[in-house]
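Trainee: Please work out how this folds:
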Amino acid sequence: MAPPPLTAAAAPAPPAPGALAAKVRTLAPSMTRSMQRVAEAVAGDPAGCAALTVTGLAERTGTSEATVVRTSRLLGYPGYRDLRLALAALAAQQAAGRAPAVTADIAVDDPMADVVTKLAQEEQQCLADTAAGLDVGQLEAAVAALTSARRTDVYGIGASHLVGQDLVQKLLRIGLIAHAPGDPHLAVTNAVQLRAGDVAIAITHSGGTTDVIEPLRVAFERGATTVAITGRPDSAIAQYADYILTTSTARESELRPAAMSSRTSQLLVVDCLFIGVAQRTFESAAPALSASYEALAHRHGARAAR
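Mentor: All right, here's what the predicted structure looks like:
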């Protein structure tokens, strides 16, 4: 029997209308100034911009039609027509006095079942965006460095520190030496001890967190291989990173800040790094994983028996 014909993968769904302002906030720092003007205009006056043609919006923002189209695509819409439809929908929601949003698409009066569904959809989109934007060449280079590293330091603050701890625990379980210092001063102290053949990984969504940049800078100057996991590849952290792994933040709001959605994409990158290392060190990693499991098995059994 002949195999079924191949079909093209479905393109990611455009952002929902309510997510537009958050999308603009997330992406604006990486836009050109002309694209920023377009993005700020559509986020600030969706009703007014929805009434404009591509030419009209270009004239209003002092840009070109090509800039309007590029901005639309950067914001996640196939073209200006799709962005215009989203603007009209957003304007209608605002005119109808829809309940204020807790997150981009979740209103304060949404039932919990809807909250679960919407958050799951946002997480899926965030993961898909990160996977699509991840530079596999940079990822493979980072994996190679980790595989042969004498030791690995991972720096992060807040939610990013939790992601760093996750990576360190994974590396320890396959017999690699890794640290995730939680104190910024200790992070710098650790970084001073690094040298060529070591790896330092900085995790920061903004790319501008001083307490993460400083130890990575020290590690970089000491000759260690440095990796930045960040949502802003053009930020300050990049100047001290040999390799940059870019993450995506789906949407943010007062109750669901960037730290929540960025953590999801950071964990995906961390898992990719770990699996890559485990593949390359399988002969030693597999026995190490088994040994760690057996060492803790009695604890899991004791808990289950209670």
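Trainee: Show the low-confidence segments of this structure, by residue range.
Mentor: 1-19, 22, 25-26, 96-106, 249-261, 301-306 (pLDDT under 70).
Trainee: swap the cut-off to 80 and go again
Mentor: Within the chain, the segments meeting pLDDT under 80 span 1-30, 93-110, 118, 121-122, 125, 249-262, 284-306.
Trainee: The most centrally placed residue in it - nearest residue in space that isn't next to it in sequence?
Mentor: The geometric centre of the chain, computed from its C-alpha atoms, lies nearest to Thr247 (Cα atoms, centre = their mean), at 2.8 Å. Excluding the flanking residues, the one nearest Thr247 by Cβ to Cβ, 6 or more residues apart in numbering is Ser265, at 3.8 Å. All C-beta spots, glycine's among them, are computed from the backbone N, C-alpha and C.
Trainee: With Ala28 instead?
Mentor: That would be Gln36: by Cβ to Cβ, 6+ apart, it lies 5.4 Å from Ala28.
Trainee: Any chance you could list what contacts stretch 139-154?
Mentor: Taking Cβ atoms under 8 Å, 6 or more residues apart in numbering as the criterion, the residues outside stretch 139-154 that touch it are 164-165, 167-168, 171, 176-181, 187, 190-191, 194, 197-203, 215, 219, 224-225, 227, 242-243, 245, 269, 272-273, 276-277, 280-281.
Trainee: Surely the residue nearest to Ala28 is in a helix?
Mentor: Yes - counting by DSSP: H, G, I helix; E, B strand; the rest coil, Gln36 is located in a helix.
Trainee: separation between it and Gly133?
Mentor: 20 Å (Cβ to Cβ, to the nearest Å).
Trainee: Those two: which has the busier surroundings?
Mentor: Legend: neighbour count by other Cβ atoms under 10 Å for Gln36 and Gly133, higher for Gln36 (18 against 14).
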